[in-house]
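S.K.: next input, structure requested:
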Amino acid sequence: MTIHIIKKTLGLVLLSMSTLQLSAQDIIAHQASADKQMKDISTIKAHKIINNTNLNNPATNVYTNWDNASVNSVAGAVPSNFKIDLRGFCMPTPSRVVTSKFGYRWHRQHQGLDIKVYVGDTIRAAFDGKIRVVKYDGNGYGNYVVIRHPNGLETLYGHMSKTLVRPDQIVKAGQVIGLGGNTGRSTGSHLHFETRLAGKAIDPSLLFDFPNQDIVSDYYIYRGEKIQKEARTSASALASVANDQNNLESALEAAEKKSTTNSRRNTASRKVAQNKSKSKSKSYTVKKGDTLYSIAKKNGMSVKELCKKNGIKQSAKIRAGQTLKC
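M.R.: From the prediction side, this is the model:
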């Protein structure tokens with residue numbers, strides 16, 4: 001009887017412990033789920049706050065005006081080492097093919113990337129923002145859209161067959177803004193995509209990796225083109241000065257050599273002229289007993305030369321008192 005009671009009591013204790021353990025695990029599991037849910041909710045809220053910041057008047061820390069006139073109708077200043085937040089992005093197109101890169105092309109600067117798309121392909125906004133320009137440029141971008149974003153960037157989408165937004169409209173990252181096309185100055189259907197900061201074009205490949213359909217990093221640090229340009233200008237100026245110095249030294253050396261050469265030539269010319277003058281003014285009066293041979297020998301010349309100067313034949317007879325040119 002006693003043993004039975006002990007067994008029953010022990011069983012109840014074990015059952016209670018098991019129930020308590022299961023209940024504790026459920027509480028922990030439920031709490032973990034709640035914590036994760038709250039974290040997700042907080043992240044979503046923070047993301048929305050970030051994306052909705054200044055969408056009505058985006059990037060006031062960079063721009064001092066809002067103008068729907070054209071791509072270049074911007075006013076503002078960019079501080080050096082400006083940090084651009086690239087999170088919350090959307091690739092403008094799923095195409096991975098870059099047909100033309102940023103840089104010098106066809107005797108002018110190509111300000112963006114050309115991405116292969118077909119007429120009618122969907123083109124999307126890269127970030128949340130506000131539509132600044134929707135226009136048609138027959139000699140350039142064709143149908144194009146410019147969006148200003150809170151992170152300071154302006155993105156441009158060109159050569160579209162159709163635009164689906166209007167100026168001053170607020171758009172979200174990934175929202176359709178137009179359709180791929182071949183309008184304007186274009187040799188085939190593609191998307192011309194630019195990234196600009198206060199009117200200065202930045203190579204989009206430094207921000208967007210189209211082949212891998214991703215951004216290069218979460219942030220891009222803009223180092224300040226003005227500083228870099230000044231540095232390049234200074235280096236260029238020094239190189240120019242050095243080049244001018246080398247050119248000057250080379251010119252002086254060449255002038256000195258030329259002067260020396262001319263001096264030598266002038267000296268030689270004077271000597272020749274003097275010799276010619278002497279030669280022209282020299283004459284000889286024939287003495288008794290002289291012959292053409294003896295006269296030629298005395299004056300360091302041949303009989304032939306002597307006769308030629310005087311216009312006589314070698315068989316000619318000379319007489320005393322006759323003057324000959326030597």
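S.K.: ok, and the closest non-adjacent residue to residue 189?
M.R.: Nearest residue to residue 189 in three dimensions, chain neighbours excluded: residue 182, at 4.2 Å (Cβ to Cβ, 6 or more residues apart in numbering). The way it works is simple: take the backbone N, C-alpha and C, and place the C-beta from them, glycine included.
S.K.: can you report how many residues neighbour the one you found?
M.R.: Per other Cβ atoms under 10 Å, the neighbour tally for residue 182 reads 16.
S.K.: got it, and residue 217?
M.R.: 12.
S.K.: quick one, phi psi at residue 306?
M.R.: When quoted as degrees, to the nearest 10, the phi and psi of residue 306 stand at phi -60, psi -40.
S.K.: meant to ask about residue 289, not that
M.R.: Main-chain dihedrals, residue 289, degrees, to the nearest 10: phi 90, psi -10.
S.K.: roughly how far does it sit from residue 91?
M.R.: According to Cβ to Cβ, to the nearest Å, residue 289 stands 118 Å off from residue 91.
S.K.: try residue 66
M.R.: The gap separating residue 66 from residue 91 is 27 Å, by Cβ to Cβ.
S.K.: more crowded one of those two?
M.R.: More crowded of residue 66 and residue 91, by other Cβ under 10 Å: residue 91, with 20 against 15.
S.K.: who are the contact partners of the nearest residue to the more buried one once chain neighbours are set aside?
M.R.: With sequence-adjacent residues excluded and distances taken as Cβ to Cβ, 6+ apart, residue 91 is closest to residue 213, at 5.3 Å. If you count contacts by Cβ atoms under 8 Å, 6 or more residues apart in numbering, residue 213 has them with 91, 94, 96.
S.K.: closest to residue 141 out of the residues you listed?
M.R.: residue 91 (20.0 Å; Cβ to Cβ).
S.K.: what about that closest one, distance to residue 110?
M.R.: The spacing between residue 91 and residue 110, counted by Cβ to Cβ, is 20 Å.
S.K.: where does pLDDT dip in the stretch 51-200 of the chain?
M.R.: Scanning the stretch 51-200 of the chain with the threshold set as pLDDT under 70 gives 51-53.
S.K.: just checking, residue 133 touches residue 168?
M.R.: No: taking Cβ atoms under 8 Å as the definition, residue 133 is not a contact partner of residue 168, at 10.3 Å.
S.K.: and for the two, which residues touch both?
M.R.: The contact sets of residue 133 and residue 168 overlap at residue 68 (Cβ under 8 Å, 6+ apart).
S.K.: looking at the two, which is more packed in?
M.R.: Using other Cβ under 10 Å as the criterion, residue 133 and residue 168 rank with residue 133 on top: 20 against 12.
S.K.: doesn't residue 294 lie inside a strand?
M.R.: No: residue state for residue 294 (DSSP: H, G, I helix; E, B strand; the rest coil) corresponds to helix; a strand is not indicated.
S.K.: which SS class is residue 309?
M.R.: The assignment at residue 309 comes out as helix when based on three-state DSSP.
S.K.: verify the stated contact: it with residue 326.
M.R.: Yes: applying Cβ under 8 Å, one finds residue 309 in contact with residue 326, separated by 7.1 Å.
S.K.: got the buried residues for stretch 64-81?
M.R.: 71, 74, 78 (16 or more other Cβ atoms under 10 Å).
S.K.: from memory the second one sits against residue 199, does it?
M.R.: Looking back up the chat, that one is residue 74. Yes: the pair residue 74 / residue 199 is scored as a contact, 4.5 Å apart, by Cβ under 8 Å.
S.K.: the strands in the stretch 1-150 of the chain, which residues?
M.R.: Along the stretch 1-150 of the chain, counting by DSSP state E, counting those that start in this stretch, strands occupy 82-85, 98-100, 103-105, 108-110, 113-116, 122-124, 129-137, 142-148.
S.K.: actually the stretch 201-326 of the chain, not the one I wrote
M.R.: Going by DSSP E, counting those that start in this stretch, the stretch 201-326 of the chain shows strands at 208-209, 214-215, 219-222, 283-285, 323-325.
S.K.: sheet-wise, list the partners of the last one with their directions.
M.R.: The sheet places strand 323-325 alongside strand 283-285 (antiparallel), with pairing taken from DSSP bridges.
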